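[1] Could you look at this predicted model? Sequence included:
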Amino acid sequence: SQQTRDLYIDNLIRKKDIAGDVKDHLEPHVYEVSSLAYRGLALDGKQQSILVSGESGAGKTETVKIVMSHLASVQVNDSLEEGRDNIVVKRVLDSNPLLEAFGNAKTVRNDNSSRFGKYIQLQFDVEDATQAAYAGKDLPSCVLAGSMCETYLLEKSRVVGHEASERTYHIFYQLLAAPEAVKAVIWEGLENTNNASFKYIGETDTTVIEHRSDGERWQLTVDALALIGIKGEIFK
(Lines give C-alpha, C1' and ligand atoms only; values in the text may rest on other atoms or scores of the structure.)
Protein backbone atom coordinates (compact mmCIF):
# COMPACT_ATOMS: atom_id res chain seq x y z
CA SER A 1 0.00 0.00 0.00
CA GLN A 2 1.02 3.63 -0.40
CA GLN A 3 1.00 3.98 3.39
CA THR A 4 3.56 1.18 3.73
CA ARG A 5 5.70 2.70 0.99
CA ASP A 6 5.70 6.08 2.70
CA LEU A 7 6.55 4.49 6.06
CA TYR A 8 9.82 3.08 4.73
CA ILE A 9 10.62 6.23 2.71
CA ASP A 10 10.10 8.45 5.76
CA ASN A 11 12.11 6.27 8.14
CA LEU A 12 14.94 5.07 5.92
CA ILE A 13 15.38 7.82 3.35
CA ARG A 14 14.16 11.15 4.67
CA LYS A 15 15.29 10.63 8.27
CA LYS A 16 18.66 12.35 8.66
CA ASP A 17 20.26 9.89 11.08
CA ILE A 18 19.52 6.19 11.48
CA ALA A 19 20.78 4.84 14.80
CA GLY A 20 21.56 1.15 15.16
CA ASP A 21 20.25 -1.61 12.94
CA VAL A 22 17.33 -0.57 10.73
CA LYS A 23 15.70 -3.94 11.45
CA ASP A 24 15.13 -2.74 15.01
CA HIS A 25 12.84 0.01 13.73
CA LEU A 26 10.77 -1.64 11.00
CA GLU A 27 9.45 -5.03 10.01
CA PRO A 28 11.48 -6.86 7.30
CA HIS A 29 10.18 -5.85 3.89
CA VAL A 30 11.41 -5.51 0.31
CA TYR A 31 10.79 -1.75 0.73
CA GLU A 32 13.60 -1.79 3.29
CA VAL A 33 16.03 -3.01 0.61
CA SER A 34 14.93 -0.48 -2.01
CA SER A 35 14.87 2.41 0.49
CA LEU A 36 18.40 1.72 1.74
CA ALA A 37 19.62 1.36 -1.85
CA TYR A 38 18.17 4.79 -2.69
CA ARG A 39 19.71 6.30 0.46
CA GLY A 40 23.12 4.78 -0.34
CA LEU A 41 22.99 6.23 -3.84
CA ALA A 42 21.86 9.69 -2.74
CA LEU A 43 23.78 10.09 0.53
CA ASP A 44 26.95 8.08 -0.10
CA GLY A 45 27.08 8.57 -3.85
CA LYS A 46 27.80 4.88 -4.39
CA GLN A 47 26.28 2.61 -6.99
CA GLN A 48 23.88 0.06 -5.54
CA SER A 49 23.10 -3.55 -6.50
CA ILE A 50 20.08 -5.66 -5.53
CA LEU A 51 20.14 -9.39 -6.22
CA VAL A 52 16.76 -11.14 -6.41
CA SER A 53 16.98 -14.92 -6.47
CA GLY A 54 14.87 -17.94 -5.59
CA GLU A 55 13.29 -21.10 -6.93
CA SER A 56 10.55 -21.14 -9.56
CA GLY A 57 7.37 -19.53 -8.25
CA ALA A 58 9.10 -17.83 -5.31
CA GLY A 59 8.07 -14.36 -6.52
CA LYS A 60 11.24 -13.02 -8.12
CA THR A 61 9.46 -11.20 -10.96
CA GLU A 62 6.94 -9.56 -8.61
CA THR A 63 9.71 -8.55 -6.21
CA VAL A 64 11.60 -6.80 -9.01
CA LYS A 65 8.42 -4.94 -9.99
CA ILE A 66 7.92 -3.82 -6.38
CA VAL A 67 11.52 -2.63 -6.02
CA MET A 68 11.43 -0.66 -9.28
CA SER A 69 8.06 0.89 -8.48
CA HIS A 70 9.21 1.86 -4.97
CA LEU A 71 12.43 3.48 -6.20
CA ALA A 72 10.43 5.46 -8.77
CA SER A 73 7.84 6.51 -6.17
CA VAL A 74 10.55 8.19 -4.05
CA GLN A 75 11.37 10.46 -6.96
CA VAL A 76 7.72 11.28 -7.61
CA ASN A 77 7.08 12.09 -3.94
CA ASP A 78 10.13 14.37 -3.74
CA SER A 79 9.73 16.02 -7.13
CA LEU A 80 8.90 19.71 -7.47
CA GLU A 81 6.53 18.61 -10.24
CA GLU A 82 4.61 16.21 -8.02
CA GLY A 83 1.34 15.12 -9.60
CA ARG A 84 2.63 15.43 -13.15
CA ASP A 85 3.42 12.23 -15.02
CA ASN A 86 7.12 11.65 -15.54
CA ILE A 87 7.57 10.05 -18.95
CA VAL A 88 10.85 8.36 -17.99
CA VAL A 89 9.34 6.74 -14.90
CA LYS A 90 6.30 5.69 -16.93
CA ARG A 91 8.44 4.11 -19.63
CA VAL A 92 10.54 2.19 -17.12
CA LEU A 93 7.62 0.85 -15.11
CA ASP A 94 5.13 0.28 -17.93
CA SER A 95 7.56 -1.51 -20.25
CA ASN A 96 7.51 -4.64 -18.07
CA PRO A 97 4.65 -6.29 -20.07
CA LEU A 98 7.15 -6.60 -22.96
CA LEU A 99 9.51 -8.76 -20.91
CA GLU A 100 6.61 -10.88 -19.69
CA ALA A 101 5.06 -11.29 -23.13
CA PHE A 102 8.22 -12.48 -24.87
CA GLY A 103 9.96 -14.17 -21.94
CA ASN A 104 7.31 -15.59 -19.58
CA ALA A 105 5.22 -18.73 -19.87
CA LYS A 106 2.90 -20.95 -17.87
CA THR A 107 4.70 -23.83 -16.14
CA VAL A 108 3.49 -26.55 -13.77
CA ARG A 109 4.38 -24.36 -10.78
CA ASN A 110 3.69 -20.84 -12.00
CA ASP A 111 1.28 -19.32 -14.55
CA ASN A 112 3.61 -16.39 -15.23
CA SER A 113 7.09 -17.85 -14.91
CA SER A 114 10.11 -15.98 -16.29
CA ARG A 115 11.98 -18.35 -18.57
CA PHE A 116 15.11 -16.19 -18.72
CA GLY A 117 17.45 -14.22 -16.51
CA LYS A 118 17.67 -10.46 -16.58
CA TYR A 119 19.94 -7.68 -15.41
CA ILE A 120 18.12 -4.37 -15.01
CA GLN A 121 20.06 -1.15 -14.50
CA LEU A 122 18.17 1.92 -13.31
CA GLN A 123 20.11 5.07 -14.16
CA PHE A 124 19.69 8.00 -11.77
CA ASP A 125 20.83 11.60 -12.09
CA VAL A 126 22.13 12.31 -8.56
CA GLU A 127 22.27 15.89 -7.29
CA ASP A 128 25.66 17.15 -6.14
CA ALA A 129 25.89 16.80 -2.35
CA THR A 130 27.41 20.28 -1.88
CA GLN A 131 24.69 21.96 -3.91
CA ALA A 132 22.06 20.02 -2.00
CA ALA A 133 23.55 21.19 1.32
CA TYR A 134 23.55 24.83 0.16
CA ALA A 135 19.88 24.37 -0.77
CA GLY A 136 19.15 23.18 2.78
CA LYS A 137 18.49 19.57 1.81
CA ASP A 138 19.37 16.72 4.14
CA LEU A 139 19.53 14.33 1.21
CA PRO A 140 20.49 15.04 -2.42
CA SER A 141 17.74 14.25 -4.91
CA CYS A 142 17.96 11.29 -7.30
CA VAL A 143 16.02 11.57 -10.55
CA LEU A 144 15.40 8.47 -12.64
CA ALA A 145 16.92 9.32 -16.03
CA GLY A 146 16.69 5.98 -17.84
CA SER A 147 17.19 2.25 -17.65
CA MET A 148 18.90 -0.64 -19.40
CA CYS A 149 17.88 -4.29 -19.45
CA GLU A 150 20.03 -7.22 -20.50
CA THR A 151 18.49 -10.68 -20.85
CA TYR A 152 20.21 -14.04 -20.93
CA LEU A 153 19.61 -17.80 -20.90
CA LEU A 154 16.20 -17.67 -22.60
CA GLU A 155 14.61 -21.14 -22.66
CA LYS A 156 14.53 -21.37 -26.47
CA SER A 157 13.35 -24.97 -26.50
CA ARG A 158 9.96 -23.82 -25.16
CA VAL A 159 9.21 -22.23 -28.56
CA VAL A 160 8.90 -25.65 -30.19
CA GLY A 161 7.73 -27.82 -27.31
CA HIS A 162 6.18 -27.79 -23.84
CA GLU A 163 4.41 -30.12 -21.45
CA ALA A 164 0.66 -30.68 -21.96
CA SER A 165 -0.21 -28.74 -18.79
CA GLU A 166 2.10 -25.84 -19.69
CA ARG A 167 2.18 -23.17 -22.39
CA THR A 168 4.75 -21.65 -24.68
CA TYR A 169 5.51 -17.93 -24.42
CA HIS A 170 2.61 -15.59 -23.68
CA ILE A 171 3.09 -13.50 -26.84
CA PHE A 172 1.81 -16.30 -29.11
CA TYR A 173 -1.47 -16.60 -27.20
CA GLN A 174 -1.82 -12.83 -27.00
CA LEU A 175 -1.37 -12.46 -30.74
CA LEU A 176 -3.98 -15.12 -31.49
CA ALA A 177 -6.38 -13.42 -29.05
CA ALA A 178 -5.98 -10.05 -30.78
CA PRO A 179 -8.84 -8.61 -32.87
CA GLU A 180 -9.16 -10.29 -36.28
CA ALA A 181 -8.54 -7.00 -38.09
CA VAL A 182 -5.24 -6.58 -36.27
CA LYS A 183 -4.16 -10.16 -36.96
CA ALA A 184 -4.83 -9.71 -40.68
CA VAL A 185 -2.65 -6.59 -40.81
CA ILE A 186 0.27 -8.32 -39.05
CA TRP A 187 0.13 -11.47 -41.23
CA GLU A 188 -2.69 -12.68 -43.45
CA GLY A 189 -1.98 -16.24 -42.31
CA LEU A 190 -3.32 -15.33 -38.86
CA GLU A 191 -6.85 -14.62 -40.11
CA ASN A 192 -9.52 -16.78 -38.47
CA THR A 193 -6.95 -18.80 -36.51
CA ASN A 194 -6.80 -19.87 -32.87
CA ASN A 195 -4.38 -21.74 -30.61
CA ALA A 196 -5.27 -25.11 -32.11
CA SER A 197 -4.33 -23.85 -35.58
CA PHE A 198 -0.64 -24.06 -34.72
CA LYS A 199 1.05 -27.26 -33.56
CA TYR A 200 3.72 -25.50 -31.52
CA ILE A 201 1.03 -23.65 -29.55
CA GLY A 202 -1.86 -26.09 -29.30
CA GLU A 203 -4.95 -26.19 -27.14
CA THR A 204 -4.84 -24.83 -23.61
CA ASP A 205 -7.31 -24.51 -20.76
CA THR A 206 -5.53 -21.38 -19.52
CA THR A 207 -6.63 -18.14 -21.15
CA VAL A 208 -6.27 -15.87 -18.11
CA ILE A 209 -2.93 -15.01 -16.48
CA GLU A 210 -2.99 -13.11 -13.19
CA HIS A 211 -6.60 -11.96 -13.66
CA ARG A 212 -6.10 -10.71 -17.24
CA SER A 213 -7.13 -12.51 -20.42
CA ASP A 214 -4.72 -13.06 -23.31
CA GLY A 215 -6.64 -10.43 -25.26
CA GLU A 216 -6.27 -7.87 -22.47
CA ARG A 217 -2.57 -8.64 -22.15
CA TRP A 218 -2.16 -8.20 -25.91
CA GLN A 219 -3.29 -4.61 -25.52
CA LEU A 220 -0.84 -4.08 -22.62
CA THR A 221 1.95 -5.37 -24.85
CA VAL A 222 0.92 -3.06 -27.70
CA ASP A 223 0.82 -0.09 -25.30
CA ALA A 224 4.28 -0.98 -23.93
CA LEU A 225 5.67 -1.18 -27.47
CA ALA A 226 4.22 2.26 -28.20
CA LEU A 227 5.99 3.65 -25.10
CA ILE A 228 9.36 2.78 -26.61
CA GLY A 229 8.44 4.07 -30.06
CA ILE A 230 7.30 0.87 -31.79
CA LYS A 231 3.96 1.78 -33.33
CA GLY A 232 2.30 2.55 -36.63
CA GLU A 233 4.20 1.28 -39.68
CA ILE A 234 7.15 0.14 -37.56
CA PHE A 235 4.82 -2.09 -35.53
CA LYS A 236 3.56 -3.81 -38.67
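    Happy to help now that I have it.
[2] By residue count, which helix of the protein is the longest?
    Once the chain is assigned using DSSP state H, the helix that runs over the most residues is helix 60-78.
[3] so where do the strands sit in the protein?
    104-105, 113-114, 117-126, 142-152, 208-209, 212-213 (DSSP state E).
[4] Partner strands of the last one, with direction?
    Using DSSP bridges, strand 212-213 pairs in its sheet with strand 208-209 (antiparallel).
[5] so who does the most centrally placed residue in the chain touch?
    Centroid-nearest residue in the chain, with CA atoms, centre = their mean: residue 96, separated by 3.9 Å. Residue 96 sits next to 65, 224 when contact means CB atoms under 8 Å, 6 or more residues apart in numbering. Yep, even glycine has a C-beta here, placed from its N, CA and C like the rest.
[6] ok, now how distant is it from residue 138?
    32 Å (CB to CB, to the nearest Å).
[7] do the same with residue 157
    From residue 157 over to residue 138 the distance is 53 Å, taken as CB to CB.
[8] With neighbour numbers in mind, choose between those two.
    residue 138 (13 against 9; other CB atoms under 10 Å).
[9] circling back to that earlier point, reformat the strands of the chain as JSON lines; add mean pLDDT.
    Output for the strands of the chain, formatted as JSON lines (pLDDT from 0 to 100):
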{"stretch": "strand 104-105", "mean pLDDT": "96"}
{"stretch": "strand 113-114", "mean pLDDT": "91"}
{"stretch": "strand 117-126", "mean pLDDT": "91"}
{"stretch": "strand 142-152", "mean pLDDT": "89"}
{"stretch": "strand 208-209", "mean pLDDT": "94"}
{"stretch": "strand 212-213", "mean pLDDT": "96"}
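[10] mind putting those in a markdown table, mean neighbour count and distance to residue 33 included?
    Converted to a markdown table, the strands of the chain look like this (neighbours: other CB atoms under 10 Å; distance: least, CB to CB, whole Å):
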| stretch | mean neighbour count | distance to residue 33 |
| --- | --- | --- |
| strand 104-105 | 23 | 23 |
| strand 113-114 | 20 | 19 |
| strand 117-126 | 15 | 14 |
| strand 142-152 | 14 | 16 |
| strand 208-209 | 16 | 27 |
| strand 212-213 | 14 | 28 |
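[11] Which one of those strands lies nearest to residue 44?
    Nearest to residue 44, of all these, is strand 117-126, at 10.2 Å by CB to CB.
[12] how far off strand 142-152 does the closest one point, in degrees?
    For strand 117-126 against strand 142-152, the angle by axes from the mean of the first three to the mean of the last three CA atoms, to 10 degrees is 160 degrees.
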